[in-house]
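Asks: next come a sequence and a model predicted from it.
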Amino acid sequence: MRRRRGLVAVAAGLLVIAGGGAVILGTLTATGNAPPTTAASPSAAPPAALPAEPPRPSPSVSPDPAPAPTFDRAARSIDDPNSIWVVVDKLRPLNPTDYTPDDLVDVPIPFANAPQLRREASDAVVALFAAFTAETGLALQSQSAYRGFDAQTRIYKNDVANLGQVGADLSTARPGTSEHQTGLTIDISAQPGECSLSACFADTRHGQWLAVNAWRFGFLLRYPADKTPVTGYEFEPWHFRYIGIDLATEMHNTGFSTLEEFFGLPAAPSYG
């Protein structure tokens with residue numbers, strides 16, 4: 001009987017031990033110390049292909065900027081007396097000295113003395129006079145225009161007699177060196193006369209308009225007040241030389257006031 005009880009006790013102990021093992025195993029499983037079971041993940045889908053980007057155009061190469069047009073100072077002769085750019089001064093006489101233009105015409109404008117000019121200059125001065133009257137309501141007239149070699153000889157001799165050689169050379173060209181002989185020059189005055197052939201003409205509305213606007217019609221105020229050392233002549237606000245609209249515009253835009261300076265010629269304060 002005791003032996004049986006002993007066997008029962010042993011069996012109970014084994015059950016206890018076995019139950020404890022179960023508890024311990026359960027505890028291990030509950031606390032997550034058992035190796036986790038990993039679920040099989042589906043294989044990742046490949047990323048969707050992006051739409052192809054259209055090719056970018058290569059940057060265009062900007063062409064070199066076109067060079068700014070430059071004025072051609074050799075477009076016309078400055079030596080040929082038939083050229084409207086001819087430069088005549090105390091160092092540059094006409095060649096031949098008794099040159100006479102072959103296209104002189106009577107100029108249909110008011111005058112103190114009947115004017116003649118070369119045809120191109122005549123047309124230009126008619127336009128100038130008309131614009132002046134339209135813009136100011138006033139009138140201009142011609143004081144003097146073309147003078148030939150013989151007429152210039154008489155005028156120069158008369159001035160030498162009245163003013164002396166030095167005085168004459170400041171105001172009147174010697175025969176063969178006068179711009180008036182080219183048929184491209186006109187002396188302009190107010191109508192009725194006011195400060196005619198005098199420096200005070202520059203202070204009149206007529207003289208002021210001409211000084212500002214003559215270039216528009218191809219004329220140059222040939223003997224400015226501050227350029228006597230270059231031109232050799234006193235200020236003559238009435239003396240306008242036709243050089244053509246292209247040259248007159250270029251000189252106006254670049255600030256040149258004498259032909260000598262524009263063309264890079266020597267100053268001509270006196271005769272060589």
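Replies: Cool, the structure landed.
Asks: mind listing the helices for the stretch 1-150 of the chain?
Replies: 2-30, 119-136, 149-171 (DSSP state H, counting those that start in this stretch).
Asks: so which bits of whichever strand or helix holds residue 211 are buried?
Replies: Following DSSP states H and E, one finds residue 211 within helix 205-213. By 16 or more other CB atoms under 10 Å, the buried positions in helix 205-213 come out as 206-207, 209-210. For every residue, glycine as well, the C-beta is placed using N, CA and C.
Asks: widest-spaced pair of the residues you listed?
Replies: The distance between the two most remote of the buried residues of helix 205-213 (CB to CB) is 7.4 Å, for 207 and 209.
Asks: re earlier: what packs against the helix holding residue 211?
Replies: On a contact count with 3 or more CB pairs under 8 Å, 6 or more residues apart in numbering; DSSP states H and E, helix 205-213 meets helix 119-136, strand 185-191.
Asks: could I get these as JSON lines with mean neighbour count?
Replies: Formatted as JSON lines, the helices and strands packed on helix 205-213 follow (neighbours: other CB atoms under 10 Å):
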{"stretch": "helix 119-136", "mean neighbour count": "18"}
{"stretch": "strand 185-191", "mean neighbour count": "24"}
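Asks: between these, which one is nearest to residue 252?
Replies: helix 119-136 (14.5 Å).
Asks: where does this protein have low pLDDT?
Replies: 1-64, 66-68 (pLDDT under 70).
Asks: 90 - rerun?
Replies: Applying pLDDT under 90 to the chain flags the ranges 1-69, 272.
Asks: what's the closest of the helices and strands packed on helix 205-213 to residue 156?
Replies: strand 185-191 (15.4 Å).
Asks: partners of that closest one, with directions?
Replies: Applying DSSP bridges, strand 185-191 is found paired with strand 139-144 (antiparallel), strand 239-242 (antiparallel).
Asks: any idea which of the ones you listed is most buried?
Replies: Ranked by average neighbour count under the criterion mean count of other CB atoms under 10 Å, the strands paired with strand 185-191 are headed by strand 239-242 at a mean of 26.
Asks: quick one: contacts of it?
Replies: Residues from elsewhere that reach strand 239-242 (CB atoms under 8 Å, 6 or more residues apart in numbering): 84, 117-118, 120-121, 124-125, 179, 184-188, 210, 214, 218-223.
Asks: and for residue 163, nearest residue in space, chain neighbours not counted?
Replies: Spatial nearest neighbour of residue 163, excluding adjacent residues (CB to CB, 6 or more residues apart in numbering): residue 171 at 7.0 Å.
Asks: report the contact partners of that neighbour.
Replies: Residues near residue 171 by CB under 8 Å, 6+ apart: 159, 163, 233-234.
Asks: quick revisit: what comes up buried for the helix or strand following the helix holding residue 211?
Replies: Using DSSP H and E, the helix or strand that follows helix 205-213 in sequence is strand 219-221. Residues 219-221 are the ones in strand 219-221 that count as buried (16+ other CB under 10 Å).
Asks: can you list these in TSV and add distance to residue 72?
Replies: Converted to TSV, the buried residues of strand 219-221 look like this (distance: CB to CB, whole Å):
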residue	distance to residue 72
219	21
220	18
221	24
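Asks: nearest to residue 262, of the residues you listed?
Replies: residue 220 (9.4 Å).
Asks: please name the bridge partners of the closest one.
Replies: residue 241.
Asks: which residues are in contact with it?
Replies: 214, 240-243, 248, 251, 257, 259.
Asks: same question for residue 138.
Replies: 132, 190-191, 205-206.
Asks: ok, those residues vs residue 145, which is closest?
Replies: Among the contacts of residue 138, and counting by CB to CB, the member closest to residue 145 is residue 191, at 15.1 Å.
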